[in-house]
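Visitor: Below is the sequence, then the predicted model.
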Amino acid sequence: MYDNTPNYDRESAERVAGMMLEYARKKKPDVLFCSNYNRGQLTWGRAQNMITTEEGSVPGYYAADPMPGTRYIYKASGRPSFAKFGSSRVSANGQTGWLVNNAGLARYLMGVSQGWRPIIIEEGAWNGADRMTSILSPHQYKLSIAESAAFGFGFEVQFLGAFQRDLFFHRPEAIRGEEAIGKYNGFFAKNENLFTGPESVAQTALLCDNTDGALELLNHLAGKNFIFDVLFSRTLSANQLEHYPRVALANTHRVSDTSLALLQAYVKNGGTLLIAGQSAIEDDDGQKRFQPGFAGLVNTNCQEPGQVECAFNLGKGKILYLASGSNEAIYDALASSTGSQVLSVEGPGYVICNLIHQPQQNRHVLYVLNYSQGPVHDLKVRIQSSFSNAELSSPDKVSTQVKVTREGAGFVRVAIPELDIFDVVVLR
């Protein structure tokens, strides 16, 4: 069942959704019920057993100076206006452009789903066009479907409007788009076991509030190939925290007193907590605090000229304080923490990877995505592990040769000779 959510407040929306789901289950116990939640409402999906949103953006690598006729719309800052949750400036092969992805949004919704609710993302923001009067290119359909498979969500194809009309009239561009969708979906159906039963390998959790304010940061971190999970202050528990060596509060305005106490205990027991920007300045209901909730634990005036962050010991663990709340500063602080960067890409900045563990099959799977229009050659991915065997498969016509080389300090380098749009590497 699908419903576009009216302008309820959170408590009313959750109450109405709970009543509807309870009624629907009496008619059909295995019913899936979701509402089309938008920014500011995304965490409300916890009241239902499925999550969907149209807050996605068409992924890709877009030129900083768009060619005439591309219809791409740019803000005064030069950033693509169609990227709902920000874009990262990327320089590669002598060119500069903007990387747009939905990977951070997907990780956020995975946190909302608590690991069991299905997630569907529709790309409501198109690159300079209207989704009712335009259609995506075959390449864009492939990338969107590949991104959804790599990050564990379903991609909702926009069949309404021009695409539906052009399919009816058998217009060539629509037919090519349909064939691209069929080709990629066929690959996933044939290789379903490459995408099922995933377990996170994240060594870092970002603690977010319920305002959806972190999404630009999360997409930025995902674009930098930083693997993380998302936890929420409203539902935080000690059991969740113990899975992560590092936890970050990064411009997380609303943090409850209960969560602050849990974080303090987490650090005392040996965890590392990064506090960055404007964090814990409000309680969980949005009421302004007289002073930040962590004020008694760190000295916010600790930084000296040239110093980036300050460290404070607490029990067996430590707290890192970063005054800057910029996306780049937060990424640098997270990536510099020992062991936090699970993988890194030695190649152009428009390549994004995800790594998952499949415990039932005793293996890991590396998903490699190329967000640009052209192929990538001689790509290398450095992973914190001790794999010795690799097998590559792809829906694209590329070489399936792949080589794993062990390095010191517990790392391996995976060499991929060719990447068109999407490669999948099984690692043992």
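Guide: Ah, there it is.
Visitor: Tell me where the stretch 251-400 of the chain has helices.
Guide: 257-268, 327-335 (DSSP state H, counting those that start in this stretch).
Visitor: G293: which of these is closest?
Guide: For G293, the closest of those is helix 257-268, at 4.7 Å, according to Cβ to Cβ. Just so you know, the C-beta spots here come from the backbone N, C-alpha and C atoms, and that holds for glycine as well.
Visitor: Quick one: residues in contact with the closest one.
Guide: 207, 233, 236-238, 241-242, 247, 249, 273, 280, 283-284, 293-294, 297, 314-319 (Cβ atoms under 8 Å, 6 or more residues apart in numbering).
Visitor: again, only this time at 7 Å
Guide: 233, 236, 238, 241, 247, 273, 280, 283, 293-294, 297, 314-319 (Cβ atoms under 7 Å, 6 or more residues apart in numbering).
Visitor: swap in stretch 215-227?
Guide: Under Cβ under 7 Å, 6+ apart, the answer for stretch 215-227 is 85-86, 88, 99, 101, 103-105, 107-108, 201-202, 228, 250-251, 327, 330-331, 334-335, 341-345, 352-353, 355.
Visitor: Send over that stretch as PDB, restricted to the C-alpha atoms.
Guide: Provided in PDB are the C-alpha atoms of stretch 215-227 (Å, rounded to 0.1, in the frame of the first residue of the first chain):
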ATOM      1  CA  LEU A 215      22.200  14.300   4.500                       C
ATOM      2  CA  GLU A 216      24.600  16.700   2.700                       C
ATOM      3  CA  LEU A 217      27.400  15.500   4.900                       C
ATOM      4  CA  LEU A 218      26.500  11.800   4.500                       C
ATOM      5  CA  ASN A 219      26.500  12.000   0.700                       C
ATOM      6  CA  HIS A 220      29.800  13.800   0.900                       C
ATOM      7  CA  LEU A 221      31.400  11.100   3.100                       C
ATOM      8  CA  ALA A 222      30.000   8.400   0.800                       C
ATOM      9  CA  GLY A 223      31.400  10.200  -2.200                       C
ATOM     10  CA  LYS A 224      34.800  10.000  -0.500                       C
ATOM     11  CA  ASN A 225      34.400   6.200  -0.100                       C
ATOM     12  CA  PHE A 226      34.100   6.500   3.700                       C
ATOM     13  CA  ILE A 227      32.100   3.500   4.900                       C
END
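Visitor: what residues are up against the residue nearest the centre of the chain?
Guide: By Cα atoms, centre = their mean, the mean C-alpha position of the chain lies nearest to G104, the distance being 2.1 Å. Going by Cβ under 7 Å, 6+ apart, G104 touches F85, L215, L218, N219, L221, A222.
Visitor: distance of it from I383?
Guide: Remark: distance between G104 and I383 (Cβ to Cβ, to the nearest Å) = 20 Å.
Visitor: Identify the residues contacting stretch 57-77?
Guide: Residues outside stretch 57-77 that contact it (Cβ under 7 Å, 6+ apart) are 78, 80-84, 90, 96-102, 123, 125-129, 136, 140, 143-144, 147, 350, 371-372.
Visitor: tell me the mean pLDDT for that stretch?
Guide: Taken as a whole, stretch 57-77 has a mean pLDDT of 78.
Visitor: Can you tell me who R413 pairs with across the strands?
Guide: Assessed by DSSP bridges, R413 has beta-bridge partners R382, T405.
Visitor: Quick check, it in contact with K380.
Guide: Yes: in this structure, R413 is within contact of K380 by Cβ atoms under 7 Å, at 5.5 Å.
Visitor: In contact with the closest residue to S344 other than its chain neighbours, which residues?
Guide: Once flanking residues are discounted, S344 sits nearest to R382: 4.9 Å by Cβ to Cβ, 6 or more residues apart in numbering. Applying Cβ under 7 Å, 6+ apart to R382 gives the contacts L343, S344, E346, F411, R413.
Visitor: Kindly supply the ChimeraX command isolating those of these that are buried.
Guide: To isolate the buried members of the contacts of R382 in ChimeraX, using 16 or more other Cβ atoms under 10 Å:
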select :343,344
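Visitor: Tell me who's in contact with G18.
Guide: By Cβ under 7 Å, 6+ apart, the contact set of G18 is A47.
Visitor: three-state assignment of it?
Guide: helix (DSSP: H, G, I helix; E, B strand; the rest coil).
Visitor: any idea of the pLDDT on it?
Guide: Predicted confidence (pLDDT) for G18: 87.
Visitor: same question, D9
Guide: The predicted local confidence for D9 is 82.
Visitor: what do you get for the one 4 residues further on?
Guide: For A13, the pLDDT comes out at 84.
Visitor: so which strand or helix has it?
Guide: helix 10-27 (DSSP states H and E).
Visitor: Please apply the same query to I416.
Guide: Applying DSSP H and E, one finds I416 within strand 411-419.
Visitor: Can you name the secondary structure element that comes next after that strand?
Guide: Beyond strand 411-419 toward the C-terminal end (DSSP H and E), the next one is strand 422-427.
Visitor: who does that next one pair up with?
Guide: Counting by DSSP bridges, strand 422-427 is paired with strand 363-370 (antiparallel), strand 390-393 (antiparallel).
Visitor: which regions of the stretch 201-350 of the chain sit below the pLDDT cut-off?
Guide: 303-308 (pLDDT under 70).
Visitor: List the contacts of the closest residue to D229 other than its chain neighbours.
Guide: Excluding its sequence neighbours, the residue lying closest to D229 (Cβ to Cβ, 6+ apart) is A202, at 4.4 Å. Shown in contact with A202 (Cβ under 7 Å, 6+ apart): I227, F228, D229.
Visitor: Report the contact partners of F195.
Guide: A149, F188.
Visitor: cool, N327 as well?
Guide: E216, L217, H220.
Visitor: hmm, 6 Å instead?
Guide: Shown in contact with N327 (Cβ atoms under 6 Å, 6 or more residues apart in numbering): L217, H220.
Visitor: Please apply the same query to G286.
Guide: R254.
Visitor: Ok, E122 next?
Guide: By Cβ under 6 Å, 6+ apart, E122 lies in contact with E54, G56, E156.
Visitor: Could you measure from it over to A83?
Guide: From E122 to A83 the distance is 15 Å (Cβ to Cβ).
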